[in-house]
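A.B. asks: next comes the sequence, and after it the predicted model I'd like to discuss.
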Amino acid sequence: MKITTRGRYALRASLALAQLGKDGSPVSINYLSDQENISPVFLEQIFFKLRKAGIVTSVRGPGGGFCFAQPLHKLTVKAILDAAGEELDLIACDKDNKNCERLSNCLSHKVWTHVTGLINDYFNSITLASVIDEGYTAQPPESLGAAR
């Protein structure tokens, strides 16, 4: 698993939008671009994906821009990364799982599957509200704490 620039920028831009549009007013791509030093063309691509996923909505015309379609306490880091097209998957098999005759007995596959679940649960536990309002106080899922 590797989070690409698109995924990192999607999260960064989402957090900036949450801060800049706290009152629910739309924020323009150009303003976000200036504030975050991210190419406006790249941000447009990212926000197209976020809009398609139902995370943001757009407002046209003067004073238009993007705002969140849902409350920040319902939007998770995982939802942002998923919408950006990031794969939070550590399954490192050499073969397509459908054609793997070892899959049912493969112990390493079970380890990677378990860790992938922990990572997804963790990113699903972090909301944009927790990052913005609480200074990011997310705790690892209980299952991760028990694994230590």
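C.D. replies: Sure thing, it's come through.

A.B. asks: so where's the chain uncertain?
C.D. replies: Low-confidence segments of the chain, defined by pLDDT under 70, are located at 91-99, 103, 135-148.

A.B. asks: now do 90
C.D. replies: Within the chain, the ranges that satisfy pLDDT under 90 run 1-4, 21-25, 59-64, 86-117, 132-148.

A.B. asks: in it, where's the longest helix?
C.D. replies: What stands out as the longest helix in the chain, according to DSSP state H, is helix 107-125.

A.B. asks: got the contact list for the next helix or strand after it?
C.D. replies: Following the chain from helix 107-125 toward its C-terminal end, the next helix or strand by DSSP states H and E is helix 128-134. Among residues not part of helix 128-134, those counted as contacts by Cβ atoms under 8 Å, 6 or more residues apart in numbering are 14-15, 18-19, 68, 71-73, 75-77, 80, 136-138. The way it works is simple: take the backbone N, C-alpha and C, and place the C-beta from them, glycine included.

A.B. asks: kindly indicate whether the residue lying farthest from the centre of the chain is helix, strand or coil.
C.D. replies: With Cα atoms, centre = their mean as the measure, the chain has its most outlying C-alpha, relative to the mean C-alpha position, at Glu101: 33.5 Å. Classification of Glu101 using DSSP: H, G, I helix; E, B strand; the rest coil returns coil.
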